[in-house]
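Peer 1: Pasted the sequence and its predicted model underneath.
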Amino acid sequence: MFVDEVEVDVEAGKGGDGCVSFRREKYVPRGGPDGGDGGRGGSVIFRSSGNEYSLIHLTRRQIWRAKNGEQGYSAQCHGKGADDLVVEVPVGTMIFDRRHNFLLKDLSQEGDEVIVCRGGKGGRGNTRFKSATNRAPREAEPGEAGEFRQLRLELKVIADVGLVGKPNAGKSTLLSCLSKARPEIASYPFTTKHPHLGLVQLDNDRSFVMADIPGLIEGASLGVGLGHDFLRHIQRAGILLHLVEPFPDDNSDAWENYILIKRELIEFDKSLGDRVEVVVITKADIPDAELIKTKFTEELGQDVLLISAATGFGIKQLTEYIYGKIISNCKNENQS
Ligand SMILES: Nc1nc2c(ncn2[C@@H]2O[C@H](COP(=O)(O)OP(=O)(O)OP(=O)(O)O)[C@@H](O)[C@H]2O)c(=O)[nH]1
Ligand SMILES: [Mg+2]
């Protein structure tokens, strides 16, 4: 199961209590106070890791608690501070404070981290309260409570390429043909219920990440169908790969379908309209698919690719073409 939104509570550890104690030793009369300080409570840290792809592991617990600091001891021994609790989440996780509704941190790069709750300070032991007027203090501080927070985590997948298109266009088939990802594939619409990520490896040094999201239909930007919930996953994709089925089973027109999806993307997020888009006609093995490609090329006045995931036709050219676009996109971004 892919989980891309989750609510959790987090609590840092309490600081250890300071200790009240007096040195008692043979031949040392009135040894004075020797209570040590308590140790710091553990903080809770969220860190992004390339090994995580979903937030599912966070749903197992409602509250994530770091350990408490150790109390102070006699002989001026300080209690041990507790280790921080580090929770790993996928790259692209946005962490919100859900009570006050603000973004704490967007963990958009691998290794980014944020302290969501600070551990409580340890209390001072009675040694620290010694003064000229009070040589035998009987007071020590309790450890400070750890911070508590209610969070909402939202994952926005970070892929180089986002697959868009109507249901049944062949998005999942293409992703499974290019990568090790295994999204569900079937001849009915809305087969894919949640996003999938796949690593497309051209050779040893060249690869890119591709995201498959459920098919989009008219009204998707307003929440119709499944795609809407997942449109945000393609918001960060540098390139959109728009797949168009040449002759859909519902007898709809390929060009009208293309325009419809384009409109939904812009309705959802205006900037998606300016995103680099590679238009691909799928199912080239179906008779006359070539005609649809010609029509699209004329209408758009740009390259349109034709592929068949079933026969492998045009697949190698497609990956090379996408890779070229990613590189030129990076160069443009660096220049601006
Ligand atoms: N003939 C032919 N059929 C294909 C090709 N690629 C995909 N299909 C078929 O098209 C149907 C839909 O494919 P999917 O990959 O599930 O389509 P999708 O775009 O992911 O669909 P949703 O997940 O519903 O949005 C399946 O029955 C596939 O076998 C192709 O190149 N040629
Ligand atoms: Mg699919």
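Peer 2: Looks like it arrived, so ask away. Ligands and ions are numbered 1, 2, ... in the order given.
Peer 1: Could you double-check that residue 64 sits in contact with residue 43?
Peer 2: No - contact criterion C-beta atoms under 8 Å: residue 64 and residue 43 do not qualify, at 11.5 Å. For every residue, glycine as well, the C-beta is placed using N, CA and C.
Peer 1: can you list residues touching both of these two?
Peer 2: residue 85 (C-beta atoms under 8 Å, 6 or more residues apart in numbering).
Peer 1: wait, does stretch 203-213 contact ligand 2?
Peer 2: No - figure legend: stretch 203-213 not in contact with ligand 2 (C-beta under 5 Å from the ion); closest approach 6.0 Å.
Peer 1: Check which residues of that stretch are buried.
Peer 2: Across stretch 203-213, burial judged by 16 or more other C-beta atoms under 10 Å covers 208, 209, 210, 211, 212, 213.
Peer 1: Let me know the closest of these to ligand 2.
Peer 2: For these, the residue nearest ligand 2 by C-beta to the ion is residue 212; the value is 6.0 Å.
Peer 1: sorry, back to before: give me the more crowded residue out of residue 64 and residue 43.
Peer 2: Neighbours per residue, other C-beta atoms under 10 Å: of residue 64 and residue 43, the larger number sits with residue 43, 22 against 19.
Peer 1: Please work out the average pLDDT along the helix ranked longest in the chain.
Peer 2: With residue count as the measure and DSSP state H as the assignment, the chain has helix 315-335 as its longest helix. The average pLDDT for helix 315-335 rounds to 88.
Peer 1: buried sites along it?
Peer 2: Neighbour-count burial for helix 315-335, counted by 16+ other C-beta under 10 Å, picks out 315, 318, 319, 321, 322, 323, 325, 326.
Peer 1: Rebuild those residues as a markdown table, extending it with distance to residue 7.
Peer 2: A markdown table is the format used below for these (distance: C-beta to C-beta, whole Å):
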| residue | distance to residue 7 |
| --- | --- |
| 315 | 41 |
| 318 | 40 |
| 319 | 39 |
| 321 | 41 |
| 322 | 36 |
| 323 | 39 |
| 325 | 38 |
| 326 | 35 |
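Peer 1: For ligand 1, what is the nearest residue in the stretch 201-336 of the chain?
Peer 2: Using C-beta to the nearest ligand atom, the single residue of the stretch 201-336 of the chain nearest to ligand 1 is residue 215, 2.7 Å away.
Peer 1: My read is that that residue contacts residue 190, right?
Peer 2: Yes - using C-beta under 8 Å, residue 215 makes contact with residue 190 at a distance of 6.1 Å.
Peer 1: So for those two, which residue has more residues nearby?
Peer 2: residue 215 (24 against 15).
Peer 1: can you give me the strands in the stretch 201-336 of the chain?
Peer 2: Applying DSSP state E, counting those that start in this stretch to the stretch 201-336 of the chain gives strands spanning 207-212, 239-244, 276-281, 304-306.
Peer 1: related to what we said a few turns ago, residues contacting the residue of the stretch 201-336 of the chain closest to ligand 1?
Peer 2: Listed by C-beta under 8 Å, 6+ apart, the contact partners of residue 215 are 165, 166, 167, 168, 169, 171, 189, 190, 192, 225, 226, 227.
Peer 1: State the distance from the spatially closest residue to it that is not a sequence neighbour to residue 54.
Peer 2: The shortest distance from residue 215 to any non-neighbouring residue, by C-beta to C-beta, 6 or more residues apart in numbering, is to residue 167 (3.0 Å). Going from residue 167 to residue 54 by C-beta to C-beta, to the nearest Å gives 23 Å.
Peer 1: returning to that earlier point: got the strands of the stretch 201-336 of the chain as JSON lines, with mean pLDDT and distance to ligand 1 columns?
Peer 2: Shown next, in JSON lines, are the strands of the stretch 201-336 of the chain (pLDDT from 0 to 100; distance: least, C-beta to the nearest ligand atom, whole Å):
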{"stretch": "strand 207-212", "mean pLDDT": "88", "distance to ligand 1": "6"}
{"stretch": "strand 239-244", "mean pLDDT": "96", "distance to ligand 1": "7"}
{"stretch": "strand 276-281", "mean pLDDT": "96", "distance to ligand 1": "10"}
{"stretch": "strand 304-306", "mean pLDDT": "97", "distance to ligand 1": "10"}
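Peer 1: show me which of the contacts of residue 215 neighbour ligand 2.
Peer 2: Restricting these to those adjacent to ligand 2 (criterion: C-beta under 5 Å from the ion) gives 171, 192.
Peer 1: Just the buried ones out of the contacts of residue 215, please.
Peer 2: Counted by 16+ other C-beta under 10 Å, the contacts of residue 215 give 165, 166, 167, 168, 169, 171, 189, 192, 225, 226, 227 as buried.
Peer 1: ok, so of the contacts of residue 215, who is nearest ligand 2?
Peer 2: Looking across the contacts of residue 215 and measuring by C-beta to the ion, the closest to ligand 2 is residue 192, at 3.0 Å.
Peer 1: circling back to that earlier point, now the angle between strand 276-281 and the longest helix of the chain, please.
Peer 2: In terms of direction (axes from the mean of the first three to the mean of the last three C-alpha atoms, to 10 degrees), helix 315-335 departs from strand 276-281 by 170 degrees.
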